[in-house]
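**Q** Pasted the sequence and its predicted model underneath.
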Amino acid sequence: MLSTAHLSLEQAPPISIPFRFFLTAPLFGIVSGLLLIWAGEAAMVSRWSPLVLSLTHLVTLGFLTMVMCGAMMQMLPVLAGSPVPGIGPVGAVSHLALSLGTGALAYAFIQGSAGWVKLALLLLGIGLGVFAIAAGLALARVKLSSPTVTGMRWSLASLVITVALGMLLSMGFFGIVALNNLPSYTDLHLGWGLLGWMGLLLIGVSYQVVPMFQITPEYPRIMRDHLTGSLFFGLAGWFLLEIGVIRGYWSSLVPGCWMLLVTAGFPLFAGTTLHIQRLRKRQVSDVTLIFWRVGLIGILFGYLVWLIGRALPEAATAPWYPLLLGTLLLFGGAFPLVNGMLYKIVPFLSWFHLQNRQLALGAFHVKLPHMKGFIGDREARLQFYLYLAALFLALAAVFRPALFTRPAGAFLVLTSLMLGYNLLRAMMRYRNTKVLLNQTGSH
């Protein structure tokens with residue numbers, strides 16, 4: 001049984017706020033898969049291919065950032081006791097602008113249209129800007145900080161840096177502004193987005209949700225207190241060193257050596273999480289745990305591939321290298337971690353919102369679904385197997401794009417459809433139970 005005594009459940013926003021983000025994310029997974037099917041091997045030519053840039057942003061903005069924004073709006077009042085100000089309009093504006101902006105940016109890359117990229121930057125600036133300001137105000141009002149809150153703060157700061165670099169890069173890519181050394185700025189954008197915004201938020205949230213949902217021991221105190229801050233300032237140091245390379249002050253070996261130290265924090269986190277999962281009190285394996293293990297192993301393999309690129313420069317310059325690294329870290333690491341988290345967050349939100357409603361109405365004779373009743377284990381496992389097939393096919397497509405790209409896209413469509421079905425089914429179960437509570441409570 002979950003303990004919610006330390007959570008500020010009464011401050012939770014309307015459940016429709018996070019749910020709209022969660023339900024939209026699988027749609028971008030479907031679009032990504034359809035794009036792979038349509039483009040075929042042309043989608044795997046190089047990291048600079050317009051199709052690769054489009055796919056990357058459909059996954060990072062349309063799926064990962066979409067889920068993380070919705071989750072953060074829910075977690076700030078519940079875990080930190082600090083509601084997001086104006087949560088109704090903030091949720092509506094940020095969701096709509098992020099959805100439309102992501103679609104416009106993906107289309108802009110494929111069409112090579114400066115007009116579309118200007119529209120995309122405007123929409124994304126509004127959506128992510130409104131979210132960042134509102135979440136920043138909520139974080140500033142937190143009275144009692146925690147390792148999770150600290151991780152959220154560093155993550156949000158990283159998002160602001162990522163968006164600023166992305167806007168600069170997009171304008172440089174489409175010739176709106178003159179920008180030299182695009183590869184270095186691209187690496188900075190990717191680093192702050194993947195390691196900063198996504199990585200630091202996942203680490204910070206893990207300190208709360210892994211022990212709570214997976215019944216594991218706590219993370220080591222030294223890790224909880226220092227890891228996210230150390231990683232953020234490590235990324236800040238890397239940023240300054242890369243600017244030095246762009247200006248010709250020193251060689252790229254300097255920031256490369258620095259990042260050997262900084263990035264070691266991520267396999268440390270992955271290894272620690274795998275270790276405390278082995279020590280969990282409830283040894284029954286569920287789909288969430290399997291998703292997490294795949295994601296953590298994906299981080300470890302991604303780090304290993306990154307190290308190989310540092311040790312063997314000829315490998316790092318091969319066309320397949322950045323595609324392999326990106327597939328491992330994004331689709332093999334972040335994607336399953338976020339997917340697995342959804343399978344705990346959505347049933348938990350549904351359950352505790354219904355419990356609060358039941359208490360308010362006094363309708364105690366209405367039996368609420370238990371958490372596993374919102375998303376069936378069989379359906380969740382089917383989605384996991386479809387995801388695993390998509391992952392292995394995507395990794396194979398890096399080396400044999402003509403043979404494996406379209407099958408990878410097909411399975412990405414299928415796993416995204418199944419994820420969307422499972423989430424929608426959970427939300428319909430919530431809605432039907434709420435209707436029953438309201439009907440019973442009114443008599």
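**A** Nice, thanks for sending it over.
**Q** CA only for contacts and neighbour counts going forward, please
**A** OK.
**Q** Okay, domains of this protein per the record?
**A** Structural domains annotated on the chain: 13-144, 150-283, as defined by automatic domain parsing.
**Q** among these, which is nearest residue 359?
**A** Across the domains of the chain, residue 359 has its closest neighbour in domain 13-144 (16.4 Å, C-alpha to C-alpha).
**Q** Start and end of that closest one, how far apart?
**A** 20 Å (C-alpha to C-alpha, to the nearest Å).
**Q** In CSV: the domains of the chain, plus mean neighbour count.
**A** CSV is the format used below for these (neighbours: other C-alpha atoms under 10 Å):
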stretch, mean neighbour count
domain 13-144, 20
domain 150-283, 18
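**Q** so where's the stretch 251-400 of the chain shaky on pLDDT?
**A** Low-confidence segments of the stretch 251-400 of the chain (pLDDT under 70): 283-284.
**Q** mind redoing it with 80?
**A** Applying pLDDT under 80 to the stretch 251-400 of the chain flags the ranges 281-285, 360-366, 371.
**Q** List the contacts of residue 83.
**A** Residue 83 makes contacts with 11, 12, 13, 73, 76, 77, 138, as judged by C-alpha atoms under 8 Å, 6 or more residues apart in numbering.
**Q** wait, the second one sits on residue 74?
**A** I take that to be residue 12. Yes. Counting by C-alpha atoms under 8 Å, residue 74 is a contact partner of residue 12 at 6.3 Å.
**Q** ok, residues contacting stretch 228-238?
**A** 150-151, 154, 158, 191-192, 196, 200, 203-204, 255, 258-259, 262-263, 265.
**Q** Rounded mean pLDDT for that stretch, please.
**A** Mean pLDDT, stretch 228-238: 96.
**Q** Show me the helices in the stretch 301-443 of the chain, by range?
**A** Secondary structure of the stretch 301-443 of the chain (DSSP state H, counting those that start in this stretch): helices located at 313-316, 320-326, 335-361, 377-399, 401-441.
**Q** Nearest to residue 91 among these would be which one?
**A** Residue 91 lies closest to helix 335-361 among the helices of the stretch 301-443 of the chain, at 16.7 Å (C-alpha to C-alpha).
**Q** counting contacts, what elements does the closest one pack onto?
**A** In terms of contacts (3 or more C-alpha pairs under 8 Å, 6 or more residues apart in numbering; DSSP states H and E), helix 335-361 is packed against helix 287-311, helix 401-441.
**Q** Just put those in CSV and tack on distance to residue 319.
**A** As requested, the helices and strands packed on helix 335-361 are exported to CSV (distance: least, C-alpha to C-alpha, whole Å):
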stretch, distance to residue 319
helix 287-311, 12
helix 401-441, 12
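**Q** Can you pull out the low-pLDDT segments for the stretch 1-150 of the chain?
**A** When residues are selected by pLDDT under 80, those of the stretch 1-150 of the chain lie in 1-12, 47-48, 79-80.
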